[in-house]
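*Asks:* one predicted model, sequence on top.
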Amino acid sequence: MAIKLDFENSYEIGAYAKLTNSYCIIPQDAPLKFYKNLKSELNPTVTLIRGSVSGSRCLGRMLIGNNKGIILPYQTTVDELMNFRKLIPEQIVISRCNEKFSALGNCIAVNDYSAIVHPEIDNETEELLQDVLGVEVFRMTLATENLLGSYCIFNNKGGIIHPNISSEEQDELSCLLNIPLLTGTVNRGSKLVGSGIITNDTISFCGFRTTLPELFVIDLGLKTGPT
């Protein structure tokens, strides 16, 4: 079952952390309890990294990444960039981008094969997604929502999207991503599933207010629960 966490007094753990099959990035000053909970549950092959972007703790909102690379917003300082390059596994490519939407994690959702993005991102950002993350890029909205990284989350096996999407849109997106998708919520009814959940292909974490029915859907959708 997905593991419930909080970050200090916030249940939007996806706003603060980014998890992939290779690494997990958390704020430089993340609480020790948060660090230890992740460390005890993650596979030892997942590198746990502390960092910051333009001094912000909201790393899940600011950066995007997968098993191949990480893209940071243009505000990332040289020192912050060098810290990531020093700590990230050697095979991971790191790049900065000049996208006008600086909160990349809010506007883009990605796994190792596909990215769905805000319809108005720059063409240069789309090319960077293809080159650095090695993904196919789809511009779209989810119902009326442009902040795709906030309203959906998926790994390489499945995903969760906010419940206001139509069944036709859900099926279309599932076909594009080539993974099954379920609609769901987190943290007792929040549609911001991308802000309330972090996941890779083997484990998921969610905000502490998440209910048992929500946990069931999260496990089923992301396929990280017991088999």
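*Replies:* Received it, and whenever you're ready, just let me know what you need.

*Asks:* chain center to the host helix or strand of Ile25: distance?
*Replies:* Ile25 is part of strand 23-27 when elements are defined by DSSP states H and E. Chain-centre distance of strand 23-27: 11 Å, with CA atoms, centre = their mean, to the nearest Å.

*Asks:* can you offset everything so residue one is 4?
*Replies:* In the new numbering, first residue 4, that becomes strand 26-30.

*Asks:* list the buried residues for that strand?
*Replies:* 26-30 (16 or more other CB atoms under 10 Å). C-beta coordinates here come from the backbone N, C-alpha and C atoms, glycine included.

*Asks:* which residues are contacting it?
*Replies:* Strand 26-30 has contacts (CB atoms under 8 Å, 6 or more residues apart in numbering) with 19-21, 37-38, 41, 45, 49-55, 60-62, 66, 68, 73, 87, 91-92, 95, 201.

*Asks:* do you know how far the most far-flung residue of the chain relative to its centre is from Ala146?
*Replies:* Distance from the centre of the chain peaks at Glu171, with 24.1 Å (CA atoms, centre = their mean). Distance from Glu171 to Ala146, counting by CB to CB, to the nearest Å: 11 Å.

*Asks:* common neighbours of those two, please.
*Replies:* Contacts common to Glu171 and Ala146, judged by CB under 8 Å, 6+ apart, are absent.

*Asks:* picking up where we left off before, show me the contacts of strand 26-30 that map onto strands.
*Replies:* Those of these mapping onto strands are 21, 50-54, 68, 73, 201, per DSSP state E.
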